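1. Generate coordinates for the sequence data below:
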Amino acid sequence: MSVFTVEERGVGRPDYTREISSGEIRPGYSLKYNQTLLAFVVSFSGVPSSFSWFKAALATGAMEHCVNGATGLDLPYTIPTGYILTMVSGGATLDQDVEIWLLLQIPPIPIAQRHLCFAKLAGGTPFYVPEVISFSSAPFDPTGSLSFGLDLQVTNLGGANMEGQVGVYMILEEVGTPPLPKTKTVKCKHCGHKQTVSIEVTQEVCPKCGGLTIYYSMAKYGGRG
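-> Predicted coordinates:
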């Protein structure tokens, strides 16, 4: 039997902290340098809120648009030329029967393929998909040659005012084009006033009415893949 000495390299268990942290929301995924995260969300509530994506409870038969959480503007969102868009997760929790449609505003595409049913749920049924699901602009526009609009519409099919939330998160990916602008146009949720601010702004007091609106800062999602 041979006896020999080996060099000790470390003590204790491996440190997986960074891997666990980066996978808390969607395991194994982080943003690359040419990718931007978009949050298209809407919360219906009878309680007033300064968050840009909160709206009043939705009446029976009414339809509302999701909101770009970074700006407070209602969809449709215009995908700029030179970019492709891919959905990475989506979910809905609402207390009435509901229908949610994803609409692409691309005239050459047949209307049946432009109107996509994202979810149709019975009241109180939660819906969540924490992984890439079947929508991307890449199959019909792999080079990002088109600029087109994307809309998410929520319709209350129940018998009472609807409360709850819808959230859809997408990756906007650059295809050989300059970076996105460093500013954004935001909308005051109280009076509708629009102004240009830094892309990193998360809250703004309206110079017109004095109301506070809270926005997402998608610029913070800058992980490197």
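
2. Quick check, pLDDT for residue 117.
-> Here the pLDDT value assigned to residue 117 is 86.

3. sorry, that was for residue 202
-> 89.

4. burial of the residue nearest to it when sequence neighbours are not counted, as a residue count?
-> Excluding the flanking residues, the one nearest residue 202 by Cβ to Cβ, 6 or more residues apart in numbering is residue 217, at 4.5 Å. C-beta coordinates here come from the backbone N, C-alpha and C atoms, glycine included. Neighbours of residue 217 under the rule other Cβ atoms under 10 Å: 15.

5. And residue 217, how far from residue 37?
-> Distance, residue 217 to residue 37, using Cβ to Cβ, to the nearest Å: 10 Å.

6. hang on, the earlier thing: now for the residue nearest to residue 202: which residues touch it?
-> For residue 217, the contacting residues are 70, 199-202, by Cβ atoms under 8 Å, 6 or more residues apart in numbering.

7. Just after the least confident helix or strand in the chain by mean pLDDT, pick out the following helix or strand.
-> Across the helices and strands of the chain, mean pLDDT, DSSP states H and E gives its lowest value to helix 17-22, namely a mean of 40. Per DSSP states H and E, helix 17-22 leads on to strand 35-45 as the next helix or strand towards the C-terminus.

8. Indicate each strand paired with the helix or strand following that following strand and its parallel or antiparallel sense.
-> Following strand 35-45 in sequence order, the next helix or strand is strand 54-56 (DSSP H and E). With DSSP bridges as the test, strand 54-56 is paired with strand 35-45 (parallel).

9. Distance from stretch 79-93 to the middle of the chain?
-> 7 Å (Cα atoms, centre = their mean, to the nearest Å).

10. no wait, stretch 76-85
-> With Cα atoms, centre = their mean, you get 13 Å for stretch 76-85.

11. Please apply the same query to stretch 93-102.
-> The answer for stretch 93-102 is 17 Å, by Cα atoms, centre = their mean.

12. Ends of that stretch, what's the gap?
-> End-to-end distance of stretch 93-102 (Cα to Cα, to the nearest Å): 17 Å.

13. shaky segments in this structure?
-> Residues of the chain meeting the criterion pLDDT under 70: 1-30, 130-134, 176-180, 218-225.

14. for it, which residue is closest to the average position?
-> residue 39 (1.9 Å; Cα atoms, centre = their mean).

15. For that residue, list each beta-bridge partner.
-> residue 169.

16. That one and residue 171 touch, don't they?
-> No: counting by Cβ atoms under 8 Å, residue 39 sits too far from residue 171 to count as a contact (11.1 Å).

17. overlap in contacts of those two?
-> Common neighbours of residue 39 and residue 171 (Cβ under 8 Å, 6+ apart) do not exist.

18. ranges for the helices of this structure?
-> 17-22, 111-114 (DSSP state H).

19. Residues in a beta bridge with the residue nearest to residue 168 when sequence neighbours are not counted, which ones?
-> Closest residue to residue 168 apart from its sequence neighbours, by Cβ to Cβ, 6+ apart: residue 90 at 4.2 Å. Residues in a beta bridge with residue 90, per DSSP bridges, are residue 129, residue 168.

20. Hmm, residue 118 and residue 90 touching each other?
-> Yes: counting by Cβ under 8 Å, residue 90 does reach residue 118; the two are 6.8 Å apart.
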